[in-house]
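Predicted coordinates and the sequence they were generated for:
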2 protein chains.
Amino acid sequence: MMANQKKFSSGGVEWSIRVGDGSPPEILVPHETLAGRVWLGLKDKIERLVSRVWRFLEKAWNLAVDDPRKVIHCLKVGIALTVVSLFYYMRPLYEGVGGNAMWAVMTVVVVFENTVGATLCKCLNRVVGTSLAGLLAIGVHWVARQSGENLEPLIVGASVFILASAATFSRFIPTIKARFDYGAVIFILTFSLVTVSGYRIDKLFDMAHQRLSTIIIGTSLCILVTTLICPIWAGKELYVLIYKNMDKLANSLDGCVSQYFDHGDEKTDKEDKALLGYKCVLNSKATEDIMANFARWEPAHGQFNFRHPWKQYLKIGASMRSCAYCIEALIGCIKSENQAPEFIKKHLRNTCLIVGSNSSGVIKELAKTIKTMKKSNTIDLLVGEMNSAVQELQNDLKSLSCLSNSDSPPFQEESETPGNKKTEKPQKATATIPLMGVISVVTFASLLIEIVSRTEAIVKAVEELSNLAEFEVTVSKQNQPNQKDEHTMHTSQMV
Amino acid sequence: MMANQKKFSSGGVEWSIRVGDGSPPEILVPHETLAGRVWLGLKDKIERLVSRVWRFLEKAWNLAVDDPRKVIHCLKVGIALTVVSLFYYMRPLYEGVGGNAMWAVMTVVVVFENTVGATLCKCLNRVVGTSLAGLLAIGVHWVARQSGENLEPLIVGASVFILASAATFSRFIPTIKARFDYGAVIFILTFSLVTVSGYRIDKLFDMAHQRLSTIIIGTSLCILVTTLICPIWAGKELYVLIYKNMDKLANSLDGCVSQYFDHGDEKTDKEDKALLGYKCVLNSKATEDIMANFARWEPAHGQFNFRHPWKQYLKIGASMRSCAYCIEALIGCIKSENQAPEFIKKHLRNTCLIVGSNSSGVIKELAKTIKTMKKSNTIDLLVGEMNSAVQELQNDLKSLSCLSNSDSPPFQEESETPGNKKTEKPQKATATIPLMGVISVVTFASLLIEIVSRTEAIVKAVEELSNLAEFEVTVSKQNQPNQKDEHTMHTSQMV
């Protein structure tokens, strides 16, 4: 009973104290209720814990299902580590954790990364950093030994201080940070370990030899496992990221324009998701930088040769982001309170939709160009179409300004072209156009024009890439040979 | 001579081959010239190398001068490492690199980070990861020993494989990646090292005890040095980053508006730099995320208590970025080819400048609020002023639309209010307004209006922060007590 009461006091229920006042027949009922409540409370807590763990596992499961390569990576780490562990576990030469096995195991744990480029970068950094620091440390060690017992700790301390500070500082320099950050850490580590060690020089050489060989065993194992079992190439990741982002950008643009003009229509969740694809473009700068950095370490693989112009992908990414900023502003227009009345929207609807779809068509064609690594022979035509659509939109905007005049012949003409029967309604309304609404449409349209000019920047960046990476020129006439011939004729005339 | 020629052949000078054709009197002159050229070539190369090294050093020097705290950090690393190295160097118990000293040195090298939060995070991760993995490994080791010689390597291998894979997978889960990434690595490392080790259980306990104690010595030293010698707090970095970015955003906005309307005036470099300040806002998402992540590990420091709402700074950062996207679009307007004619710009110039300066004033006031950590009592007034300026801008836009009509009384009225004498000129031109130019101004103005609404989002985010972090309420009447009283009266009326 006391225990029960005690448990309950944490719940802060005043009523349980009254129960202790000593009236046996009455106690029984609340006692059951008390025990029941304690049990319920416990059960509740356990259930909440279970459901929390369950949700966590569910999240992890979804993560694994979304990208099975992550699971493969984990298995690869497991394999590499098991191999190196068992190798040393079964070797009779081995003498506990302090021995050399440690360095091989440690190398595998620390060096094994998700992509081949990252693993190679870390491996090379580790080997070079260790060798350099080892050599330097042996030199310092020798000098310290020569200079007598008093000076020895001074020289050792000073050298550790100076080199550690200098190497740490070098990690702040951008060019070194990008490529040799890990090497600098390993340099400091090895240098201080070797300098501090009490070994004689001859023993040091032995130790250096052993340590270097175990590190090389560890790194080779990592490189083998990472390149042979389902390799994930940083370069390919970057390449896929760029062309997928391009598709997302195009879909966002399409979604934006159609949402603005067909506001009443209910959108599905999928379309909403497509609309927000541009956010991926905005947020992928860091990933792009990292991938491009690692891609440089990778050997030729798949369609990519060793000196593939990875930096150009960063330029493409930047131009895509500059386009995405404008889409962000477009979304602002969609959410704006000052919506244009429907008939004004209708006036610009068609041309805006055409400009939007042309522009997104160009972006999609660029994505295809990158995906297939073949120069597109329709891109010039598409850009031309996009520009003439912009011209038309500008003309429409001019005619829209005439709307403000009470008698509006251009609008009448325009509204007849779509061929719908509501022509009378807008004409009645012309006298009372809410001007803020017009402004919203005008802003939308001119942002669209800005997007077109930024799309051209993407075209340029992709063109540069196709020249640098020597994309193939497509000569095949797959589906509509005649039409394509016409296209190229048009293009050459335009150029 | 041969050597000279050989050296020269790398330069690819055909002429040096002709020299060898054997005509002594003639050789002397070119020989001298040859030697001279070799010398010049070498000198050139050396000079280039020296200048390259010099430029590198200069860059490093500038880096150090720009942020002396980086140098201090390097010295701190040097100090910590020297202390721990010398401590073990002079200890008689010590037995070479394989001994325990290693773990202390290694801990210092790997754990010491730029900010206190990052160091604390790594320290805790290292200690907890090592302990957990050590305990688990001892358990597995014991089970393996019990199950006979044949099963032993199987159990060891399987446990390493499963736990390494699982721990690696956990690093992909965002919540774990953000806080315990390093801990997972250390867990894998310790677990495989201990499991693989050939020690008996009693020795294992000894080793675990020693290793843990050296790691604790290393981490405590790191924590002491990082917090006591010129500490760099991640939280404070985030805080400074946010309010400085806010100032930059405000300056960019100001610069943008004035550059658009006073296009002809030559801008100084400094002004151009201020104009591009918004790019800092766009690019600082990654830094903000990292800093907020580390700030959570930090104890109370300066004005910040332990549970300071660091996440709110991320929200403020996001709202600032959303504002910066619009400024990006504004810059697009400035660069656009379709510039409005001067007289139309003049029509909107004053109100746009007022909206711009009001909006940037609000942002600057917010920056001040964060900087001083005191609730502003003028912010409501400033927001009110900003909104009424927007109202005025919208009215101006409406009157601009009337410009298109050939007889434009509203424009006449408007242009008289600024009080300049060029009233006739615009009136003459009204008949031939280039409409694309008007569109550019309208777009600029409505982007400005959008910026104002996004500024209000920043205001809200900062307000939330000031409530969460319990900023002081300013009651002091410093400069103009009467005016401030009026302000608050106005504000309360408006609210």
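Yes, it's here. Numbers count the residues shown, from 1 in each chain, chains lettered A, B, ... in the order given.

When you work out contacts or count neighbours from here on, use the C-alpha atoms and nothing else.
Fine.

OK, contacts around the spatially closest residue to A:D289 that is not a sequence neighbour?
Spatial nearest neighbour of A:D289, chain neighbours left out: A:L314 (7.0 Å); criterion: Cα to Cα, 6 or more residues apart in numbering or on different chains. By Cα atoms under 8 Å, 6 or more residues apart in numbering or on different chains, A:L314 lies in contact with A:E288, A:D289, A:A292.

List only those of the residues you listed flagged as buried.
Among these, those scoring as buried are A:E288, A:D289, A:A292 (criterion: 16 or more other Cα atoms under 10 Å in any protein chain shown).

Output the contacts of A:L314 in CSV; the columns should cover pLDDT and secondary structure.
Formatted as CSV, the contacts of A:L314 follow (pLDDT from 0 to 100; DSSP: H, G, I helix; E, B strand; the rest coil):
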residue, pLDDT, secondary structure
A:E288, 91, helix
A:D289, 90, helix
A:A292, 91, helix
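
got these as JSON lines, with distance to B:G139 columns?
Listed next are those as JSON lines, based on distance: Cα to Cα, whole Å:
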{"residue": "A:E288", "distance to B:G139": "43"}
{"residue": "A:D289", "distance to B:G139": "43"}
{"residue": "A:A292", "distance to B:G139": "43"}
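
wait, which of these is closest to chain B?
Ranked by distance to chain B (Cα to the nearest Cα), these are led by A:D289 at 11.9 Å.

okay, the residue of the stretch 351-495 of chain A found nearest chain B: pLDDT?
Using Cα to the nearest Cα, A:T443 is the residue of the stretch 351-495 of chain A that sits closest to chain B, at 4.7 Å. Predicted confidence (pLDDT) at A:T443: the value is 83.

Check the gap between it and B:V442 for me.
To B:V442, A:T443 is 7 Å away according to Cα to Cα, to the nearest Å.

about what we covered before: quick one, what contacts the residue of the stretch 351-495 of chain A closest to chain B?
A:C333, B:I439, B:V442, B:T443, B:S446, B:L447.

Okay, and which of these map to helices?
Among the contacts of A:T443, the ones falling in helices (DSSP state H) are A:C333, B:I439, B:V442, B:T443, B:S446, B:L447.

and which of the residues you listed is nearest A:T369?
Lowest distance from A:T369 to the ones in helices among the contacts of A:T443 (Cα to Cα) belongs to A:C333, with 31.5 Å.

didn't the closest one look like it was pressed against A:F444?
Yes. Using Cα atoms under 8 Å, A:C333 is in contact with A:F444, at 6.4 Å.

Next one: the residue nearest to A:I229 when sequence neighbours are not counted from A:L63, what distance?
Spatially, and ignoring its direct neighbours in sequence, A:I229 is nearest to A:K76 (7.4 Å; Cα to Cα, 6+ apart). Remark: distance between A:K76 and A:L63 (Cα to Cα) = 17 Å.

Who has more neighbours out of the two?
Using other Cα atoms under 10 Å in any protein chain shown, the more surrounded residue of A:K76 and A:L63 is A:K76, with 25 against 17.

wait, isn't that one in contact with A:L224?
No. Counting by Cα under 8 Å, A:K76 does not reach A:L224; the two are 10.5 Å apart.

residues in contact with A:F306?
Contacts of A:F306 were listed using Cα under 8 Å, 6+ apart, and they are A:R296, A:E298, A:P299, A:A300.

in chain A, which ranges drop under the pLDDT threshold?
For chain A, residues meeting the criterion pLDDT under 70 lie at A:1-32, A:90-101, A:198-202, A:263-271, A:337-338, A:400-437, A:475-495.

about what we covered before: which of the ones in helices among the contacts of A:T443 lies closest to B:V50?
Distances from these to B:V50 were compared by Cα to Cα; the smallest belongs to B:L447, at 51.0 Å.

what's around that closest one, how many residues?
The number of residues packed around B:L447, counting by other Cα under 10 Å, is 23.

Would you map the helices across the stretch 201-350 of chain A?
Taking DSSP state H, counting those that start in this stretch as the test, the helices found in the stretch 201-350 of chain A are A:201-228, A:234-261, A:269-275, A:278-283, A:285-295, A:310-335, A:342-372.

Out of those helices, flag the one nearest A:A461.
Taking these one by one with Cα to Cα, helix A:310-335 is closest: 5.5 Å.

From B:T115, how far out is whichever residue of the stretch 201-350 of chain A sits closest to chain B?
Relative to chain B, the nearest point of the stretch 201-350 of chain A is A:Y325 (5.3 Å; Cα to the nearest Cα). With distances taken as Cα to Cα, A:Y325 is found 32 Å from B:T115.

again, but for A:R69
A:R69 is 34 Å from B:T115, by Cα to Cα.

same question, A:M320
From A:M320 to B:T115 the distance is 34 Å (Cα to Cα).

same deal with A:K374?
Distance of A:K374 to B:T115, given as Cα to Cα: 48 Å.

And for A:N387?
A:N387 sits at a distance of 51 Å from B:T115 (criterion: Cα to Cα).

where along chain A do the strands fall?
A:374-375, A:472-473 (DSSP state E).

what's the spacing between the first one and its chain's center?
The offset between the C-alpha centroid of strand A:374-375 and the centroid of the whole chain comes to 26 Å, using Cα atoms, centre = their mean, to the nearest Å.
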